[in-house]
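>>> starting from these lines, generate the structure:
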Amino acid sequence: MGEPVVVQGTAISQPYNPYEHKAAAPANQPVAPPTSSAGAGEQQPAKCRDPIFAFLLIGNVAAIAAVAGIYGSTAFDQQVNNSGGSYDGYVAAAFVLGVIAMVFTGFCLPLMMCIPMILIKASLIGMLILSGAMMVVSFLYGNIWGGIFGVIFFLIFGCYARAVWSRIPFASVNLLTACTAVKKNCGVVFVSYLYVILAFGWSILWTIALAGVYDQVIVTVNNNQQAEENYINYGYYFLLFLSFFFTHQVIQNCTHVTVSGTVGSWWFSPEHSGCCSGGVMGSIIRTLTTSFGSVCFGSLLVAILQATKAVAQAARGEEGGSFLLCIAECILQCLADLLEYFNKWAFVYVGLYGYSYIEAGKNVFTLFKNRGWEAIIADDLISNVFFFLSLGVGGVCCGIGYAFNENTFGDLFNNTIDTGLSVSTTNAILGFIIGLVLSSILLSTIGSAVNAVIVCFAEGPAEFEANHPELSRKMRETWLQFYPNCGA
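Okay, here's the model as predicted:
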């Protein structure tokens, strides 16, 4: 027998028997090694966790549906009728542009698998160029303070790019591994699009409810008998925004948990992989049943911060830009961003092992304590790639949309709604938005897979070596470039 392979300090004898670490788990159970190294996650018993938060979401959706049905439909119809014109032409253009966006987005996956390192380097240089361009533009338009801050950020970003440049090989292998996992379980991409359709439907329902609430509770007062002003209680604002953000956060995080569970199945039990395999379907079932309460728990915390920020923003508009409200809005935005970033990693543990939200959070702290900076750097480098690819797809759809004019779809643009812009310009804007959104869906799926890969490599390198030796070799080699003593 040859020398043992060393993965992150763990010696693996060859030939490796994966059943020494785990038995194959059923498709509807979290797939993870039951015996793990100290500090690693462990498979949890199948039971509903944090159920009270799932009931809160159900009550929230039921309440909005009731308000929309009782008060919203009439008010919404009045708003649509008052707008005048037809939307048929733009609906047809949106459908065609959506198909085009999905086609071009589909090319992103093989592109990232073929040249991941080139894309990461190009995106890092691109971010540096953008920060430099913003600095130059600020000075050209006479914005001295903006230019000074631009110089500071440009220098900071330049130092960051130099510091992380040597980490690009490791990040590129992470990206390649994540793309491979998604490709082997491509059904998870279609699930992501279904979640987006659900989010779109929720947005329409909430908008109808908002129209009904606004129509019922708007208060008109006479200001010194000179002019009438409209006021709405900020309590209604907060509840409406909380409802909106809560449900959207849940839908978004369900996608993340589903992808994480699927990657975990591929990592530890590749025999469950496939388009509509047990790994994909089992992850969906777990996300929407036993782990649904945990998803709702973390989502509610972010939604509270986002709703409070939205109310502060509305109040600032009413009061002419209060400085204190501006500070409060910035603080709330920072807190929401930090909590969202924390949730991104916590939900990986929810998807992989079936933890409750609190227990998943404890594992996140352990992860960052052991190798936090490497996880953050790899995640940040890859997110830059997603940003530029989304912009690219959006730009292509924008150009195609601009080519659509009044005669493109026959008479559908006759009596179209007046947007204040030409038909071509409106279609260009519509194309950019559709391309950006649809490409972001697929790329967010790969982003969730990247986070799951980073966690799995920290927790299960032995299983990775056994089940995916070629990818494991590449990741191990790039890892040892920075930590040569790790395998000693």
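>>> and Tyr234, what is it in contact with?
Listed by CB atoms under 8 Å, 6 or more residues apart in numbering, the contact set of Tyr234 reads Val311, Ala314, Ala315. C-beta here means a position set from N, CA and C on the backbone, and glycine is covered the same way.
>>> buried subset of these?
With burial judged by 16 or more other CB atoms under 10 Å, the buried subset of those is Val311, Ala314.
>>> which of the contacts of Tyr234 sits closest to Val103?
Minimum distance to Val103 across the contacts of Tyr234 is 39.6 Å, recorded for Ala314 (CB to CB).
>>> which ones are touching the closest one?
Going by CB under 8 Å, 6+ apart, Ala314 touches Tyr234, Tyr237.
>>> circling back: reformat the contacts of Tyr234 as a markdown table; add secondary structure and distance to Leu198.
Output for these, formatted as a markdown table (DSSP: H, G, I helix; E, B strand; the rest coil; distance: CB to CB, whole Å):
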| residue | secondary structure | distance to Leu198 |
| --- | --- | --- |
| Val311 | helix | 26 |
| Ala314 | helix | 27 |
| Ala315 | helix | 31 |
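>>> and which of the contacts of Tyr234 is nearest Ile446?
The shortest separation between Ile446 and any of these is 34.4 Å, and it belongs to Val311 (by CB to CB).
>>> output the contacts of Tyr234 in JSON lines; the columns should cover pLDDT.
JSON lines is the format used below for these (pLDDT from 0 to 100):
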{"residue": "Val311", "pLDDT": "84"}
{"residue": "Ala314", "pLDDT": "76"}
{"residue": "Ala315", "pLDDT": "75"}
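>>> let me know the closest of the contacts of Tyr234 to Thr287.
The shortest separation between Thr287 and any of the contacts of Tyr234 is 30.5 Å, and it belongs to Val311 (by CB to CB).
>>> tell me who's in contact with the closest one.
Val311 is in contact with Tyr234, Tyr237, Phe238, Phe241, counting by CB under 8 Å, 6+ apart.
>>> what distance do you get for the third one to Gly59?
From Phe238 across to Gly59, the span is 17 Å (CB to CB, to the nearest Å).
>>> those two: who's more crowded?
Between Phe238 and Gly59, counted using other CB atoms under 10 Å, Phe238 has the larger neighbour count: 16 against 10.
>>> can you confirm the more buried one is in a helix?
Yes. Phe238 sits within a helix when classified using DSSP: H, G, I helix; E, B strand; the rest coil.
>>> what sits against Gly147?
Under the criterion of CB under 8 Å, 6+ apart, the contact partners of Gly147 comprise Met135, Ser138, Phe139.
>>> what does the helix or strand where the first one lies contact?
Secondary-structure assignment from DSSP states H and E places Met135 in helix 116-140. Residues outside helix 116-140 that contact it (CB under 8 Å, 6+ apart) are 111-112, 144, 146-147, 149-151, 153-154, 157-158, 161, 164-165, 168-169, 171-173, 175-176, 179, 381-382, 384-385, 387-389.
>>> mind checking which of those are buried?
Of the contacts of helix 116-140, these count as buried by 16+ other CB under 10 Å: 112, 147, 150-151, 154, 157, 161, 164, 168-169, 171-173, 175-176, 179, 381-382, 384-385, 387, 389.
>>> quick one: which of those residues sit in helices?
Among the buried ones among the contacts of helix 116-140, the ones falling in helices (DSSP state H) are 112, 147, 150-151, 154, 157, 161, 164, 168-169, 171-173, 175-176, 179, 381-382, 384-385, 387, 389.
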